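Colleague: Structure, please.
(chains A, B, C and D)
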There are 2 protein chains.
Amino acid sequence: MDNRSPSSTRARILEVAGPIFAEKGRRETTIRDIVQAAGVNQAAVNYHFRDKDGLYAEVLRVAVHGGLKTESEEGAPAEQRLRELVRASVQRFYDHERQGWQTRLMMRELEEPSAPFVTLMDEIVGHIMPRVSRIVAELNPALDDEQRWLCCHSLMSHCNGMPKAEFFLERSRPGWLNRPAAERAQQLTDHISRFCLAAIGGIE
Amino acid sequence: MDNRSPSSTRARILEVAGPIFAEKGRRETTIRDIVQAAGVNQAAVNYHFRDKDGLYAEVLRVAVHGGLKTESEEGAPAEQRLRELVRASVQRFYDHERQGWQTRLMMRELEEPSAPFVTLMDEIVGHIMPRVSRIVAELNPALDDEQRWLCCHSLMSHCNGMPKAEFFLERSRPGWLNRPAAERAQQLTDHISRFCLAAIGGIE
DNA sequence: AGAAATTTCAAACGCTAGTTTGAAATGCAT
DNA sequence: ATGCATTTCAAACTAGCGTTTGAAATTTCT
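Modeller: Numbers count the residues shown, from 1 in each chain, chains lettered A, B, ... in the order given. Alright, predicted model coming up:
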């Protein structure tokens, strides 16, 4: 069917499995869903990945490592770097074509972490926390360690929580979800940036 | 076994089903889990609730309506009311004995809403939003409608997001989860309150 | 080219889930 | 007490899941 790459069976499975796992969840996704989408045989998953969990662990691994590629412009002022961080985080939720499924998968893992994910978590935290921490420290040098640490998590929790709660946004302001995705992303980015800048700058 | 109430089969099922659904998820929970915990027959669920989804919808209904009972002290100043709102929201996460399972169930629904939940969502939003909106309006009368609306959702998203992301807190500060729950709840409540007060008061 | 290893495939196996069934037990009016 | 409706029960049914299997097809190596 879709033959844009002369990929092996293994590669085709890996390619289609990510979005399906993200969409339906690890448990709800069936091997039959995946092999049908990939156009390969039932047993292919078990042959190439040992079992369903093996496939899932591999999907998770490439998703995490794919998401950890960020180039940071360290020269810019903290305020601008924060805006960029927020923009990138929010954007992920609306970029369904490229990497949206990776974010969905992470959200599911946050809800109930799987064994392979816990192993990868340290990598994620170690990758993003230093950047955020530096931004917060520059925005408000008066904060002590613990306050800065909590502010970092407030910021990240915010970037993930708001886009995910769009249901609620829609409920309290019907029509929100009808706006184009780019506009929603822009508006959330602006608000979160301003909200967190005000908070970090003015806290205590 | 536990016979504190001479409840009917139907009531016993309804009583044990909530925590189990919250713990294992709607799909992963089996009817056999529930009937075993309730000490009733297999077919009882299908007889009293038509099918598994019927039971789930009923569990969700009572959980939501049980959670909507809040007495608000409208006389207090906005700052204090915000603190109380945050405290109550955070507390829910740590109160596993009484109502913890209801919160877990809501979090699962936020992740991927079920059909019956969508119906109940308007009730939830309609119940809590006016209160929050009034608090925000008093804290910063200069905000326009849209800004106030976004701040409300920032606040609520924050109250839910931070406690749920304790995994990340633990990863970036090992030992966090070893502290007693009451202390963690207190610390998060303090931080979220201060963070959001600074944000709402100082935004734009 | 021919042999060996690897990969693909259709089919079936074992298991667990939700649901159905029909009879037995219970409650409740007359 | 008797008859009828409701509720409980053990057991079986159906469907879908992950996995296994052994042979066929393909690739790789000498």
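Colleague: distance of residue A:136 from residue A:130?
Modeller: Between residue A:136 and residue A:130 the computed distance is 11 Å (C-beta to C-beta, to the nearest Å). Every C-beta, even on glycine, is put in place using the N, C-alpha and C of the backbone.
Colleague: Name the residues of chain A found near DNA strand D, please.
Modeller: A:29-33, A:42-43, A:45-46, A:51-53 (C-beta under 7 Å from any atom of the strand).
Colleague: so who does residue A:171 touch?
Modeller: Going by C-beta atoms under 8 Å, 6 or more residues apart in numbering or on different chains, residue A:171 touches B:121-122, B:125.
Colleague: pLDDT value on it, please?
Modeller: pLDDT, residue A:171: 91.
Colleague: Helix or strand: which one has it?
Modeller: helix A:166-172 (DSSP states H and E).
Colleague: That helix: which residues count as buried?
Modeller: By neighbour count on 16 or more other C-beta atoms under 10 Å in any protein chain shown, the buried set for helix A:166-172 is A:166-169, A:171-172.
Colleague: ok, now stretch A:10-27?
Modeller: For stretch A:10-27, burial by neighbour count (16+ other C-beta under 10 Å) applies to A:10, A:12-23, A:25-26.
Colleague: now the lowest-mean-pLDDT helix or strand in chain A and helix B:100-111, what's the angle there?
Modeller: When each helix and strand of chain A is scored by mean pLDDT, DSSP states H and E, helix A:100-111 comes last, with a mean of 87. Using axes from the mean of the first three to the mean of the last three C-alpha atoms, to 10 degrees, the direction of helix A:100-111 lies 180 degrees away from that of helix B:100-111.
Colleague: quick one, what contacts the residue nearest the centre of chain A?
Modeller: Chain A has residue A:103 as the residue nearest its centroid, 2.9 Å off, counting by C-alpha atoms, centre = their mean. Residues near residue A:103 by C-beta under 8 Å, 6+ apart: A:67, A:92-93.
Colleague: As TSV, those residues with neighbour count and pLDDT would be great.
Modeller: Listed next are the contacts of residue A:103 as TSV, based on neighbours: other C-beta atoms under 10 Å in any protein chain shown; pLDDT from 0 to 100:
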residue	neighbour count	pLDDT
A:67	17	76
A:92	21	87
A:93	22	86
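Colleague: now, which of the residues you listed lie within helices?
Modeller: A:67, A:92-93 (DSSP state H).
Colleague: out of those residues, who's near chain B?
Modeller: Counting by C-beta under 8 Å from any C-beta of the partner chain, nothing from the ones in helices among the contacts of residue A:103 sits close to chain B.
Colleague: Can you tell me which of those is nearest residue B:203?
Modeller: Using C-beta to C-beta, residue A:93 is the member of the ones in helices among the contacts of residue A:103 that lies nearest residue B:203, at 22.3 Å.
Colleague: what's the single longest helix in chain A?
Modeller: Chain A, longest helix under DSSP H: helix A:115-139.
Colleague: any idea of the angle it forms with helix A:100-111?
Modeller: Going by the same axes, to 10 degrees, helix A:115-139 makes 100 degrees with helix A:100-111.
Colleague: Please name every helix or strand in contact with helix A:115-139.
Modeller: Judged by 3 or more C-beta pairs under 8 Å, 6 or more residues apart in numbering or on different chains; DSSP states H and E, the packing partners of helix A:115-139 are helix A:52-67, helix A:78-94, helix A:145-164, helix A:181-202, helix B:166-172.
Colleague: returning to what we had before: would you list the contacts of residue A:171 in JSON lines and tack on neighbour count and distance to residue A:203?
Modeller: Compiled in JSON lines, the contacts of residue A:171 are given as follows (neighbours: other C-beta atoms under 10 Å in any protein chain shown; distance: C-beta to C-beta, whole Å):
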{"residue": "B:121", "neighbour count": "18", "distance to residue A:203": "32"}
{"residue": "B:122", "neighbour count": "12", "distance to residue A:203": "34"}
{"residue": "B:125", "neighbour count": "18", "distance to residue A:203": "28"}
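Colleague: follow-up on the earlier one: pick the most deeply packed of the helices and strands packed on helix A:115-139.
Modeller: Comparing these by mean neighbour count (mean count of other C-beta atoms under 10 Å in any protein chain shown), helix A:145-164 comes out on top with a mean of 22.
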